[in-house]
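>>> coords please:
(one chain, ligands or ions: 1)
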Amino acid sequence: MCGIIGVCQNNSKIKIGKIVFDALSRLEYRGYDSVGIATITENGILLEKDAGKIGDVGKKLKFEQIEGNTAIGHSRWATHGPPSQKNSHPHSSMSDRVVIVHNGIIENYLELRERYTGKGYVFKSQTDTEIIPHFLEEELKNGKNMEQAILQLTSEIKGTYALVITHTDEPDKIYALRKDNPLVLGISNDGNYCASDIPAFLPYTKEVIIMKDQELAILEPHRYTIKKLPSLTVIDRKPHTVTWTPEAAQKGGFPHYMLKEIHEQQKVLSFQLATQNDIFGKIAEMVNDAEKVILVAAGTAYYASLNAYHTFPEYGKKVTIPAIAAEWDTVKPLVDDNTLILAVSQSGETLDTMKAIKDARERNAKVASIVNVTGSSLTTISDEVAYIHAGPEIGVAATKTYSAQSYAVWRVAHALANINGTLDKNEMKLFSRTINEVPQIVQKTVTAAEAQARDLAGWFKNKHSAFYLGRGVSHITALEGALKMKEISYIHAEAYPAGESKHGPIALIQPDYPVVFSIPDDRHRNKMIGSVQEMKARGATTIGIVDEYDNEMKSILDHAFEIPTGYGKFLTPITYNIPQQLLAYYTSVSVGANPDMPRNLAKSVTVE
Ligand code: F6R
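Now for the predicted structure:
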């Protein structure tokens, strides 16, 4: 949801416009309907912005030629007002003294807009954001300095924000602050940076500080200061070094980030396997100690969390309640000090998830979280954090992080089965073997399924609607397969537990209607034969993901993707999902869409 960047540099080797342009290109996954840049020059603020893709706008407005020491930039995901030149950020104050970029939503902007219109301020855009530069200018006019003006602003605006501000009175300074929206600092000898996400400045520095809510950073070329709001007391916080490489945030020869990220999954899972052990045992102990577990997450991360719903009752005999973060209100009356919340989030910044977790904390629940981004907001309010170590995921649609989140959940389930002795020796052995071998199974499946998915996509691209069906834990696979297909190829796709499909959805089946089945060799397999037959009898085209030795199933299905045999019971929502990722990717490419940047979507949803 909008990418923001601020640069204060003392390095004349690279033009500041290029730094901002490259940073916005790396942040484009956060928002991509408009872009803009502002620098402070001897003659005041230079502001260039327009609606359109970053590459097109950047070239048209010659971003890379822009010089200076201080600049701010923005890539927009529209909320208030459609994409247009006027609604693009940065927004400047009436006398062009203050210029800002914003990620978030100012809820009381209409009331403030009325107040400032009454004072003679003229608004150029329809955005909620434009109130901010006018507000700050008015405070400066009244004799306050920028810190005091910001303090006044934060006492009056309601909503969420990561804000980057610069002004002509202090051309070498950038002010950056946050409440409920992500903001990170990059520290280096050549200059200092602030941004919505680390890849923005990764080529220039790996020294990172994660800003917390109600903190203000003041950046200058040679130093940075962090202050607590509203006290303005200085906080002593040193940067930590991130291990992400700039290459990790590039396409590495693949046509899209999404395909690269699908191919990276073995590496990601192997890394998680090699680097983390204790944390899953610790979280399993927390599950055991709790009276009940509530799962909180959104979208794909929610589906990954459902792996706990399908395993904790069996392996830990634990009541496990899944909750979509945006629906938190429904479950919150159940939360008390005997509740463990298991939160799953790639970004660790999703607002719905954060709000739910903050509320759970107030109700004295314990919180364990599964997160990708180190130091993100969710990690700061959790009792225990298991990092999935997936590296930056630039494709808007989650792929490698879904697998890595699911893997982490299964590893908690594995520890839980170990502690509680809920599986017999042979099953436990197979469970452990599957945990160890899943990275290889994933790689084998990517290799085996890719060409087949590409071919099938040529047929799928002409469909308007599809079903994804699975039973038990494979319902998760169906949910994730349908979400991926609809979000990047715009073909309507719906997931159901296979047994439920005959209670209504089957009415939609007509000749050649696509139905994708996930059919591991588990306790539900035999019932799935019936589900496939029901769909076939009505003319559906059946596509199954099956065990490679399941010849019976393959003979019934119209198309079959094969998964290495012998791992039927454990971790199948990871392995059986791989062909679905590839099918969605190639269908998206076949319909002429951009799988990395699906329309209307943005990575890291920081609005409610
Ligand atoms: C879908 C997708 C989203 C995210 C969801 C949660 O492909 O990526 O559904 O999973 O917005 O985001 P995080 O995991 O950052 O909390």
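>>> ramachandran coordinates for the residue of the stretch 251-400 of the chain found nearest the ligand?
Per CB to the nearest ligand atom, residue 299 is where the stretch 251-400 of the chain lies closest to the ligand, at 1.9 Å. Every C-beta, even on glycine, is put in place using the N, C-alpha and C of the backbone. Backbone torsions for residue 299, taken as degrees, to the nearest 10, come to phi 60, psi -130.
>>> right, and it touches residue 398 too?
Yes: taking contacts as CB atoms under 8 Å, residue 299 lies within contact range of residue 398: 7.4 Å.
>>> run through who's touching stretch 473-484.
The contact list for stretch 473-484, computed with CB atoms under 8 Å, 6 or more residues apart in numbering, reads 299-300, 303-304, 306-307, 310-311, 397, 399, 402, 406, 466-470, 493-498, 516, 518-520, 522, 524, 545, 572-573, 576-577, 580-581, 583-584.
>>> got the CA positions of that stretch in CSV?
Extracted C-alpha coordinates of stretch 473-484, given in CSV (Å, rounded to 0.1, in the frame of the first residue of the first chain):
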residue,chain,number,x,y,z
VAL,A,473,-6.0,-30.4,5.1
SER,A,474,-6.2,-30.3,1.3
HIS,A,475,-9.0,-27.7,1.6
ILE,A,476,-6.1,-25.3,2.4
THR,A,477,-4.5,-26.3,-0.9
ALA,A,478,-7.7,-25.6,-2.7
LEU,A,479,-8.2,-22.2,-1.0
GLU,A,480,-4.6,-21.1,-1.9
GLY,A,481,-4.9,-22.5,-5.5
ALA,A,482,-8.1,-20.6,-6.1
LEU,A,483,-6.8,-17.3,-4.6
LYS,A,484,-3.7,-17.4,-6.7
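>>> among residue 299 and residue 398, which residue is more densely surrounded?
residue 398 (28 against 23; other CB atoms under 10 Å).
>>> now stretch 348-359: buried residues?
Residues of stretch 348-359 classed as buried by neighbour count (16 or more other CB atoms under 10 Å): 348-357, 359.
>>> buried ones in the top helix by length along the chain, by neighbour count?
Longest helix in the chain, counting residues (DSSP state H): helix 425-460. Neighbour counts using 16+ other CB under 10 Å place 428, 430-431, 434-435, 437-439, 441-446, 448-450, 452-454, 456-457, 460 of helix 425-460 among the buried residues.
>>> repeat that for stretch 533-546.
Here stretch 533-546 shows 534-536, 540-546 as buried, counting by 16+ other CB under 10 Å.
>>> for it, measure first residue to last.
One end of stretch 533-546 sits 15 Å from the other (CA to CA, to the nearest Å).
>>> what lies in contact with it?
Against stretch 533-546 from outside (CB under 8 Å, 6+ apart): 456, 467, 469, 477, 501-502, 506, 509-520, 532, 553-554, 556-563, 576, 579-580, 583.
>>> try stretch 236-244
By CB under 8 Å, 6+ apart, stretch 236-244 touches 185, 187, 198-199, 202, 206-209, 226, 374-375, 391-392.
>>> and the ligand, which of the residues you listed contact it?
Residues of the contacts of stretch 236-244 in contact with the ligand (CB under 6 Å from any ligand atom): none.
>>> tell me which two in these are the farthest apart.
Pairwise distances across the contacts of stretch 236-244 (CB to CB) peak at 26.5 Å, for the pair 226 and 391.
>>> ok, the helix or strand harbouring residue 294: who's next to it in the sheet?
Following DSSP states H and E, one finds residue 294 within strand 292-297. Applying DSSP bridges to the sheet, strand 292-297 is found paired with strand 319-324 (parallel), strand 339-345 (parallel).
>>> need the ones you listed in a markdown table with mean pLDDT and mean neighbour count, can you?
Shown next, in a markdown table, are those (pLDDT from 0 to 100; neighbours: other CB atoms under 10 Å):
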| stretch | mean pLDDT | mean neighbour count |
| --- | --- | --- |
| strand 319-324 | 98 | 18 |
| strand 339-345 | 98 | 28 |
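>>> how about these in CSV, adding distance to the ligand?
As requested, these are exported to CSV (distance: least, CB to the nearest ligand atom, whole Å):
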stretch, distance to the ligand
strand 319-324, 10
strand 339-345, 3
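>>> would a markdown table of those with distance to residue 106 be doable?
What follows is the strands paired with strand 292-297, written out as a markdown table (distance: least, CB to CB, whole Å):
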| stretch | distance to residue 106 |
| --- | --- |
| strand 319-324 | 26 |
| strand 339-345 | 24 |
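>>> find the closest residue to the ligand in the stretch 101-250 of the chain.
Closest contact between the stretch 101-250 of the chain and the ligand, by CB to the nearest ligand atom, is at residue 182 (10.1 Å).
>>> state the distance from that residue to residue 79.
16 Å (CB to CB, to the nearest Å).
>>> which one of the two is surrounded by more residues?
residue 182 (25 against 15).
>>> up against the ligand, what does the stretch 401-550 of the chain have?
For the stretch 401-550 of the chain, the contact set with the ligand under CB under 6 Å from any ligand atom comprises residue 487.
>>> now do the helices in the stretch 401-550 of the chain.
425-460, 474-489, 525-537 (DSSP state H, counting those that start in this stretch).
>>> check the stretch 151-300 of the chain too.
Using DSSP H, counting those that start in this stretch, helices in the stretch 151-300 of the chain cover 257-263, 265-275, 278-289, 299-309.
>>> dump those helices to a markdown table, plus distance to residue 28 and mean pLDDT.
Converted to a markdown table, the helices of the stretch 151-300 of the chain look like this (distance: least, CB to CB, whole Å; pLDDT from 0 to 100):
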| stretch | distance to residue 28 | mean pLDDT |
| --- | --- | --- |
| helix 257-263 | 10 | 96 |
| helix 265-275 | 22 | 92 |
| helix 278-289 | 33 | 97 |
| helix 299-309 | 20 | 98 |
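>>> residue 503 and the ligand: what is the separation?
26 Å (CB to the nearest ligand atom, to the nearest Å).
>>> what about that residue, how many residues nearby?
So residue 503, with other CB under 10 Å, has 10 neighbours.
>>> kindly report the same for residue 592.
Counted with other CB under 10 Å, residues neighbouring residue 592 total 8.
>>> now stretch 78-86: buried residues?
By neighbour count on 16+ other CB under 10 Å, the buried set for stretch 78-86 is 78, 81, 83-84, 86.
>>> do stretch 230-243 as well
239, 242.
>>> then stretch 376-389?
Residues 376-379, 381-382, 384-389 are the ones in stretch 376-389 that count as buried (16+ other CB under 10 Å).
>>> narrow those residues to those in helices?
Using DSSP H, the members of these that fall within helices are 377-379.
>>> sheet partners, orientation included, of the lowest-mean-pLDDT helix or strand in the chain?
Lowest mean confidence among the helices and strands of the chain (mean pLDDT, DSSP states H and E): strand 240-241, at a mean of 89. Paired strands of strand 240-241, with direction, are strand 207-210 (antiparallel) (DSSP bridges).
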